[in-house]
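> quick one, structure for this:
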Amino acid sequence: MSTKEVVRYGNGKYKNIIVDCGVKNNIIRRVLQRDTIVIRVPWNYDFSKEEYDGLLISNGPGDPKQCKETIQHIRNAFNDDKPILGICLGNQLMSLAAGADTYKLKIWSQKS
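Presented below is the predicted three-dimensional model:
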C-alpha cells in the first residue's frame with residue numbers, strides 16, 4: 001500500500017512530509033493546493049534527516065501495532081517543534097508513539 005521510494009511533488013513555499021501508510025492521491029492533491037512541496041516517504045522511512053515544515057501521517061489499512069518502525073520515527077518527531085497531523089491510521093500511530101494503546105473494536109450488530 002505504501003510507496004517504495006521517496007517521491008517529491010510540487011514547488012511551493014512550505015515543505016511537508018507525508019508518511020505513506022496507504023495515502024489516497026486526493027490527500028496529496030489537496031495538500032499541494034496550499035503552496036507546498038510534498039515529500040512522500042515510505043511507511044518505515046526515517047525522515048528525521050529531512051528538512052520539513054510539517055508532518056502528515058496518512059491513513060491506510062492494517063494493524064497499527066505492526067508499524068513499529070513508523071511508531072519510533074513519530075516518537076522522535078514529537079521532540080521537534082513542528083506540526084504533526086494524523087489521518088485515521090496516522091492518529092492511531094501517533095497515539096502508540098505517545099504511549100497509548102489501541103485495540104480492535106468488536107463488530108456489533110443489532111438483530112431485529
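> and the nearest residue in space to P61 that is not next to it in sequence, how far is that from N11?
Distances taken as C-beta to C-beta, 6 or more residues apart in numbering put G22 closest to P61, at 5.7 Å, once the chain neighbours are dropped. Using the backbone N, CA and C atoms, a C-beta is placed for each residue, glycine as well. To N11, G22 is 26 Å away according to C-beta to C-beta, to the nearest Å.
> tell me which of those two has more neighbours.
Set side by side, G22 and N11 show more neighbours around G22, with 16 against 9, by other C-beta atoms under 10 Å.
> which residues does the one residue sitting closest to the centre of the chain bridge with?
Centroid check for the chain by C-alpha atoms, centre = their mean gives I57 as the closest residue, at 1.1 Å. Beta-bridge partners of I57, counted by DSSP bridges, are V19, G86.
> distance check, it against V7.
Per C-beta to C-beta, I57 is found 16 Å from V7.
> how about L55?
L55 sits 16 Å away from V7, going by C-beta to C-beta.
> more neighbours: which of those two?
Under the criterion of other C-beta under 10 Å, the comparison of L55 against V7 puts L55 first, with 24 against 14.
> where are the low-confidence patches of the chain?
The chain contains residues with pLDDT under 70 at 112.
> alright, that wraps it up for me.
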